[in-house]
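J.: build me a structure from this.
(chains A and B)
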Amino acid sequence: MSELVDAFEHVLRRSDGRALVADIDRISKLALSLTLRDATANVDQLLRCVELLEDLDLSDLAARTLALVFDATANTPAKGVEIRNHRALLAVYRGDYAHAISLLDDAHIDAGRGNPAMLDLVRANLAGANLLAGNLVAARKWADVVTRTADTNPAVDSLVASVRTSAAGLSLDGEEFVQAAAAQRRALEMGLATANQRDPAALAAFASVVSTQFQLAMSEGDQERARLALDLTEIGLQRISATLGRNDPRTLLVLSNSAAARFELACAEGAIETIWHTLDQLRDAARLCVEALGARHPQALVAAANASAALFEAARVDRSPALARTALVELRQIAELTRSALGADHPQSVTALSNLASAEFDLARVDGSRDSAERALASLQAATVQSVAVLGADHPATLVLEQELHLCQAWASDDEEGGDGILLTKRRTAVRHAFDEDYLSIGDAAKALAGDEPDTTVPDFATLPDVAPDHNLRVGDVVEGRVVRILRSGVWVDLGSGVTGMIPPSEMPQEPKHFYTGNVFEVRVINDGRIPLVSIKQAQRQRASHHEVGDKQFWDALEDSRAREEAVRGMVIEAVEDGLILDIGVMAFLPDSQIGQQPVRDLQSYVNRELHALITEIDRGRVVLSRRALLEQRRQDGLIGLETGQVHQGVVSSIGSFGAVIDLGDVDGLVPVSELSWQHVDRLSEVVSVGQQVSVKVVDIDLLRGGVTLSLRAAQPDP
Amino acid sequence: MSEYWVELRHDGRRLGAGFFLTRRFLLTADHCLRGVPDGETDIEFVLADGTTIAAKVYERQCDVDLALIRVLGEVDVALLQAERCYSHDVWRVPSRPEPNDPHLEGVVTDPKVFYKCEGGTILEALQLRTNVELGDYSGYSGGPVERVTKERGLAGVLLEQYPDRQTPERATNTLFAATVAEVMARFDCLDMSNLMGVAFGPPPTELRDLLYNATELLKQGAEWEAQGLLNPTEVTAMRLRVARSVVDQTFARRTR
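T.: All right, here's what the predicted structure looks like:
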């Protein structure tokens, strides 16, 4: 039995989590050798194995193992309830809420017959599973049953209170939310009085309460308290991640909630750089959710929807229609995926559709075109009908959508002139027109709007026109891209004709922090989807590889340069782990130990610089260079060309306790600490940094030793 | 955005290394703070980009050689998310005492061992084997241990070196690191109940909870009486106190 668990752990440990043929063989053999005795002694472990066998698509083995579990527990119906409850939780983590509810329904019946102690927990789990499945009515019903019948039990109370806060949040019912938050807080305190500080349920409950407290603080406009809640969220995230691992769905939930909260606070504070920075974290969290859970997992869909809605909001605040259009494409993709994965009647599908419709309306006002207006109108109509059907005609989100629909109808039919040049959020548009105020809560807006009749004449969502900008880009095309926004998760570039593409970090020669808005690069299209993915690296490689291995004349010339120890010249196109890649007509490798006379610490500062070097090796298309050898050669030949007293431009290549090494192009020189500044220097990093351009004066040339001494302070006026 | 490991300083002197556990708290080995005079808590730390930021010694756990430092002010730092380790995982310590010291790295040989600290306290730790054999690992303890995968994860904090049984003046190539889960459970100020109270004040109480707490206390008293830990007179007195407390609190609620 333990061997089987070890075999699974071996698969899970692998970074990609995929099982190899050998693993599956071993697992199959071990699973087939299980006996009833094994099963009776290890029911919980065996249940985990059943789930893993299903994950590996070994359904027959999973069914056989499950049958063993049922045989082993045939005479203990109480254990059967625990097993079903446990399996339901695993189904929830997988995102299969319908299966979880069906298992819990069975467990509920069995618990009523033979395990009353489990009854409250099963009911609380039913409330939770129904909430996740989008059935708010059933979730509230089960929560009420538990509240009416259960004795005080911190674990059950905590679960029910979390369901109530989430349900109140979805219904935008402020009063219910405050009451539920207080109950949730009480349940947590009681639970923590007895629970271990490392108990996963207590950690998840803590994270949930802190998240609720953040929402309360934000709704009261108390940013200081919200910031405090964020500090606690971070502690909660580290604790749960250390206990359950970063890919556990509970950890990922805390991660994405924490990132969303950070973005919300940044928006409330209005600091544009912080907004983009927190957007980066939000998109990172969404990526991790998708990678760990799969793109169709409900939790991943919510995270992705949040990230795209946040991109639109950031573009709005930054007044960047190009990025807003890109966000719109993402919102559309997510709305479609959510509907296909969860069904049209899931509240998350309605939210995704509403986000899309509102964004289209906002953007249509900027475009001011008839097409955009009609498209926005169609989307708003579809979203309103879905919202009426799923959330109800009185739900605040429905009322706000209706108001937007009226505004859009009026705007489209008025033939009003194009937008006012700014992007408006859903809330602001509705509120500004309805009440002539900028800031009013969505709940209050909804109350004031109550009573309007919804328009139900709508086209089907699937027939809505595509919002993606037209582009004729195809994989392999090389075009120019202008940087419009730099995020850690990628750099957005304007590819012309209103098309915005993204350069993923893996396709950049340098880290994103080395880019600047407005930089223009040649990029190669690597994915021609609705948001094209482009690569600088591949464009550079394509350019560098124009001399094929078969180009004999070119390679003979290179071989000749190597034999005669002649320098070649090339642009550094990439910094890799142990050196630089140069374009000398082919890709050539310059090892880090061969870049200069001193060890180089920041390879990135060499990217996009032109360097000279000697060829030291040519082997079947592989070219290795040495700049260090060239510098030595020049020094020996007395070709330095430097004279004492000259002022030269150079780049700081490294900093040590002795001073700073300056790369003057053909030779390295040293600025001793005493020559750095006219003032006393405590830390060298206060005066110079690696990669910095500096003016230096040559103060000494030792041709015998080959050393050049420079002065930074002598190149500056004496204060 | 700066890296998450830092250099700690006091009065311009280097104390040792530490790293960000969250944006608000830094973790270090307690022995790094030996240079800070008793009663003094003001220190500072230097980020990888050279920025100096003020901090305070917040909580020291001398028995397990760990200390928590509170950051004063806002810092833009690339935090590393905590992660669990498994046997045979590759690990690495990204910080090092001096720029010409090597980075420690190796494999996890046991993801859950119980490590006895010098003071006798048992810690849940990772047992690590390093392929960088130095014989002396002083200066590395207190540094972060990363799990090396596609996404790096913060696995633990490196503990003091483990002496070689044959030649005690040398360290073996076996090292130990306290897991992040263990570290966070060790500090009172990171206790979840304490954090909630500090951040949001005491929780609102309800009569139902009050009665639950009272019932639990009464049950506990009965158990202790049955086990002979309390005599009947003490138990009766305790029951009376519980009953009075319930009545007082209920009355106070109604008149509030």
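
J.: thought residue A:259 was touching residue A:282, still the case?
T.: Yes: using CB atoms under 8 Å, residue A:282 is in contact with residue A:259, at 4.3 Å. Backbone N, C-alpha and C define where each C-beta goes, glycine included.

J.: what's the burial count for the residue nearest to residue B:142 when sequence neighbours are not counted?
T.: Nearest residue to residue B:142, sequence neighbours excluded (CB to CB, 6 or more residues apart in numbering or on different chains): residue B:29, at 3.1 Å. Residue B:29: 24 surrounding residues under other CB atoms under 10 Å in any protein chain shown.

J.: list the contacts of residue B:29.
T.: By CB atoms under 8 Å, 6 or more residues apart in numbering or on different chains, residue B:29 lies in contact with B:16, B:65-67, B:141-142, B:157, B:159-160.

J.: phi and psi next, for residue 121.
T.: By default, I'm working from chain A. phi -60, psi -40 (degrees, to the nearest 10).

J.: look at chain B instead
T.: Torsion angles, degrees, to the nearest 10, at residue B:121: phi -70, psi 140.

J.: so what pLDDT did the residue nearest to residue B:142 get?
T.: pLDDT for residue B:29: 87.

J.: now the one 3 residues further on
T.: Listed pLDDT for residue B:32 reads 86.

J.: please name the bridge partners of the residue nearest to it when sequence neighbours are not counted.
T.: Sequence neighbours aside, residue B:16 is the residue nearest to residue B:32 in space, at 3.1 Å (criterion: CB to CB, 6+ apart). Assessed by DSSP bridges, residue B:16 has beta-bridge partners residue B:8.

J.: so residue B:16 sits against residue B:30, correct?
T.: No: judged on CB under 8 Å, residue B:16 makes no contact with residue B:30 at a distance of 10.0 Å.

J.: what are the buried residues along the longest strand along chain B?
T.: Under DSSP state E, the strand in chain B containing the largest number of residues is strand B:104-116. Residues of strand B:104-116 classed as buried: B:104-106, B:108, B:111, B:115 (neighbour count, 16 or more other CB atoms under 10 Å in any protein chain shown).

J.: with stretch A:378-397 instead?
T.: Using 16+ other CB under 10 Å as the test for burial, stretch A:378-397 gives A:378-388, A:390-391, A:395-397.

J.: and residue A:594, what does it touch?
T.: A:579, A:613, A:616, A:625-629.

J.: quick one: residue A:281 is in a helix?
T.: Yes: the assignment for residue A:281 is a helix, going by DSSP: H, G, I helix; E, B strand; the rest coil.

J.: does it touch residue A:259 like I think?
T.: Yes: the pair residue A:281 and residue A:259 passes the contact test of CB under 8 Å, sitting 4.6 Å apart.

J.: among the two, which residue is more densely surrounded?
T.: When residue A:281 and residue A:259 are compared for neighbours, residue A:259 comes out ahead with 26 against 23, by other CB under 10 Å.

J.: assess the claim that the more buried one and residue A:278 are in contact.
T.: Yes: assessed by CB under 8 Å, residue A:259 is found in contact with residue A:278 at 7.2 Å.

J.: tabulate the contacts of residue A:594 in a markdown table, adding columns for distance to residue B:197, pLDDT and secondary structure.
T.: Formatted as a markdown table, the contacts of residue A:594 follow (distance: CB to CB, whole Å; pLDDT from 0 to 100; DSSP: H, G, I helix; E, B strand; the rest coil):
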| residue | distance to residue B:197 | pLDDT | secondary structure |
| --- | --- | --- | --- |
| A:579 | 54 | 86 | strand |
| A:613 | 64 | 89 | strand |
| A:616 | 66 | 90 | strand |
| A:625 | 63 | 92 | strand |
| A:626 | 64 | 91 | strand |
| A:627 | 61 | 89 | helix |
| A:628 | 61 | 86 | helix |
| A:629 | 66 | 87 | helix |
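
J.: from the residues you listed, which is closest to residue B:90?
T.: Distance ranking of those against residue B:90, using CB to CB, places residue A:579 first at 22.6 Å.

J.: ok, that closest one to residue A:352 distance?
T.: To residue A:352, residue A:579 is 46 Å away according to CB to CB, to the nearest Å.

J.: which one's more surrounded, the two?
T.: More crowded of residue A:579 and residue A:352, by other CB under 10 Å: residue A:352, with 29 against 20.

J.: tell me where the stretch 51-200 of chain B has helices.
T.: Secondary structure of the stretch 51-200 of chain B (DSSP state H, counting those that start in this stretch): helices at B:180-186, B:192-200.

J.: mind picking out the helix or strand in chain A with the poorest mean pLDDT?
T.: Lowest on mean pLDDT, DSSP states H and E among the helices and strands of chain A sits helix A:426-435, with a mean of 43.

J.: most neighbours among the contacts of residue A:594, please name it.
T.: Result: residue A:625 is most packed of the contacts of residue A:594 (other CB under 10 Å), 28 neighbours.

J.: residues in contact with it?
T.: By CB under 8 Å, 6+ apart, residue A:625 lies in contact with A:568, A:570, A:582, A:584, A:588-590, A:594, A:613-616.

J.: the residues you listed into TSV, with extra columns for secondary structure?
T.: Listed next are these as TSV, based on three-state DSSP:
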residue	secondary structure
A:568	strand
A:570	strand
A:582	strand
A:584	coil
A:588	strand
A:589	strand
A:590	strand
A:594	helix
A:613	strand
A:614	strand
A:615	strand
A:616	strand
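
J.: ranking by neighbours, what's the top pick from those residues?
T.: Counting by other CB under 10 Å, top hit in these: residue A:582 with 28 neighbours.

J.: can you pull the contacts of that one?
T.: Going by CB under 8 Å, 6+ apart, residue A:582 touches A:570-573, A:588-590, A:611, A:613, A:625.

J.: which helix runs longest in chain B?
T.: helix B:232-255 (DSSP state H).

J.: how about the CA coordinates for that one, as PDB?
T.: C-alpha atoms of helix B:232-255 as PDB (Å, rounded to 0.1, in the frame of the first residue of the first chain):
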ATOM      1  CA  PRO B 232     -15.100  18.700  44.300                       C
ATOM      2  CA  THR B 233     -14.900  22.000  46.200                       C
ATOM      3  CA  GLU B 234     -12.700  23.600  43.500                       C
ATOM      4  CA  VAL B 235     -15.000  22.300  40.800                       C
ATOM      5  CA  THR B 236     -18.100  23.800  42.500                       C
ATOM      6  CA  ALA B 237     -16.300  27.100  42.800                       C
ATOM      7  CA  MET B 238     -15.400  27.000  39.200                       C
ATOM      8  CA  ARG B 239     -19.000  26.200  38.100                       C
ATOM      9  CA  LEU B 240     -20.200  29.200  40.200                       C
ATOM     10  CA  ARG B 241     -17.700  31.500  38.500                       C
ATOM     11  CA  VAL B 242     -18.700  30.300  35.000                       C
ATOM     12  CA  ALA B 243     -22.400  30.800  35.800                       C
ATOM     13  CA  ARG B 244     -21.700  34.300  37.200                       C
ATOM     14  CA  SER B 245     -19.700  35.200  34.100                       C
ATOM     15  CA  VAL B 246     -22.500  34.000  31.800                       C
ATOM     16  CA  VAL B 247     -25.100  36.000  33.700                       C
ATOM     17  CA  ASP B 248     -22.900  39.100  33.800                       C
ATOM     18  CA  GLN B 249     -22.100  39.000  30.100                       C
ATOM     19  CA  THR B 250     -25.700  38.300  29.100                       C
ATOM     20  CA  PHE B 251     -26.900  41.200  31.300                       C
ATOM     21  CA  ALA B 252     -24.300  43.500  29.900                       C
ATOM     22  CA  ARG B 253     -25.400  42.600  26.300                       C
ATOM     23  CA  ARG B 254     -29.000  43.400  27.100                       C
ATOM     24  CA  THR B 255     -28.200  46.800  28.600                       C
END
